[in-house]
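Asks: Compute the structure for the input listed below.
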Amino acid sequence: MRGYGVPFVIINPTSGGGRAGRLWPKVSKELKKHIGAFHYEKTSEVGHARLLAQHATSAGHSPIIAYGGDGTIHEVVNGMIDAEKKPCPKLGILNVGTGGDFVKSLGFPKSLKEQIQILEEGKSTNVDLGQVDYTNGHGKTERRVFVNITDAGVGGLVVRHVQGIHKIFGRKLAYLVSTVRSYLSWKACDIEIETESTEILEKTIAVVIANGKFFGGGMPIAPKADLSDGYFEIIKIQSMNPFYIPFFLAFLYAGQLIRLPHVQSDRVKKMTLRSKNSVPLDIDGEPIGFLPATFTILPQQLQVISK
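Replies: Sure, this is the predicted structure:
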C-alpha cells in the first residue's frame, strides 16, 4: 500500500443505506477525472476504516479521503492519528451519509460533484480535534479523538435507539423518534463537572461537548461552536417536565436551545465528567462507553480539504 502522496479513498459501501456502494462506480470515474490516480479500499466491518486509514497514513498516502458518513469520518480521523505520522495527511471528504453533521459545520455542498471539485482545488482548513479518555464497556480506559460532538447522558441512549430503527424510519426521523423516546425514559442524575473549578450539575439529562454545531442529522445543538477557535462549546441540560419536550425540540431545531431555563452553556479547553450513575457516552454519533471521561481540545490538529 505504498502511497508517497497518492490519494487514498476509504469507502464505506453501507453508508446512506447502501447509497455509497451503489454510487461508487460513477463517483470513481468522476473522481479520477478531477484528481487523477488514486488507491481505494472498501470497509467490511465496524472499525475497518480506522485500520485502513492508519495503514494508508503510514504508507505515505495523502490526502486520505473518507467516502461515507459521519461514522466513517470519525474512524478515518482516528486511524490517521493512530499512525502518529508527522505531518498528518490532509483529510478529504465525500459525504454520502444520511446525517452529514460535521460537513454542515464546514459549509460543504450536498452535491457530490461539487465535493469532488473541492478535492480538486485542494484548499484546506485547519480544524480542532477533541480528545477523550473514557471508560469502555469493560471498565478500562481508552482514548479517541472526535471531530464533531460528544454527548454524555441521554444522547448516548438516543444513538443506541437509533441503531435499532434507522433502517425502518430513515436516520433523520429515527433521531427524532429516538430523542423523544429517550427523554421520556431517561432518569436524570447528578454529574460532576471539573474544569478550573468543580460543580455538581444536579438532575442532569445531558452534557454536550461540541466542536461542531450540529448533531442528530442536522439539529443545531451548539450554534455558537467554532471548529477552529480552540474551545469546546458545552451545553448542559437539566431535568424537565415531559410537557416541555415539544418546546425543547422546537427550540433545538431552531438553534435557540440556550434560551430555555434548564439549559446552560460554557466554553472550555478541558473538562472531566464523573457520576455515581452509569452514564453512557457517544462520540460523533457512535455509542462507545461511559463516564468518567476527560475531554481535551487539540487546537487546529487536522487539515480538512474544504471550500
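Asks: Going by residue numbers, what spans are helices in this structure?
Replies: Using DSSP state H, the helices of the chain run over 19-35, 48-58, 70-82, 101-106, 112-121, 154-169, 171-185, 245-253.
Asks: Select from those the stretch with the lowest mean pLDDT.
Replies: Among the helices of the chain, helix 154-169 carries the lowest mean pLDDT, at a mean of 60.
Asks: Need the pLDDT of the residue lying closest to Gly97 once chain neighbours are set aside.
Replies: Using CB to CB, 6 or more residues apart in numbering and skipping the chain neighbours, the partner closest in space to Gly97 is Gly69 (1.7 Å). (Glycine included, C-beta is placed from N, CA and C.) Gly69 carries a pLDDT value of 92.
Asks: residues contacting Gly69?
Replies: Gly69 is in contact with 12, 15-16, 95-100, counting by CB atoms under 8 Å, 6 or more residues apart in numbering.
Asks: Quick one: closest of the helices of the chain to Ile193.
Replies: Nearest to Ile193, of all those, is helix 154-169, at 15.8 Å by CB to CB.
Asks: okay, the helices of the chain in CSV with mean neighbour count and distance to Ser265 next?
Replies: Below are the helices of the chain laid out as CSV (neighbours: other CB atoms under 10 Å; distance: least, CB to CB, whole Å):
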stretch, mean neighbour count, distance to Ser265
helix 19-35, 15, 35
helix 48-58, 22, 32
helix 70-82, 25, 23
helix 101-106, 24, 17
helix 112-121, 16, 31
helix 154-169, 19, 16
helix 171-185, 18, 19
helix 245-253, 15, 13
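Asks: quick one: which of the ones you listed is nearest Pro287?
Replies: Pro287 lies closest, by CB to CB, to one member of these: helix 154-169, at 5.0 Å.
Asks: Dump the helices of the chain to a markdown table, plus distance to Leu281.
Replies: What follows is the helices of the chain, written out as a markdown table (distance: least, CB to CB, whole Å):
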| stretch | distance to Leu281 |
| --- | --- |
| helix 19-35 | 27 |
| helix 48-58 | 18 |
| helix 70-82 | 14 |
| helix 101-106 | 17 |
| helix 112-121 | 30 |
| helix 154-169 | 5 |
| helix 171-185 | 14 |
| helix 245-253 | 20 |
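Asks: Cool, thanks, talk later.
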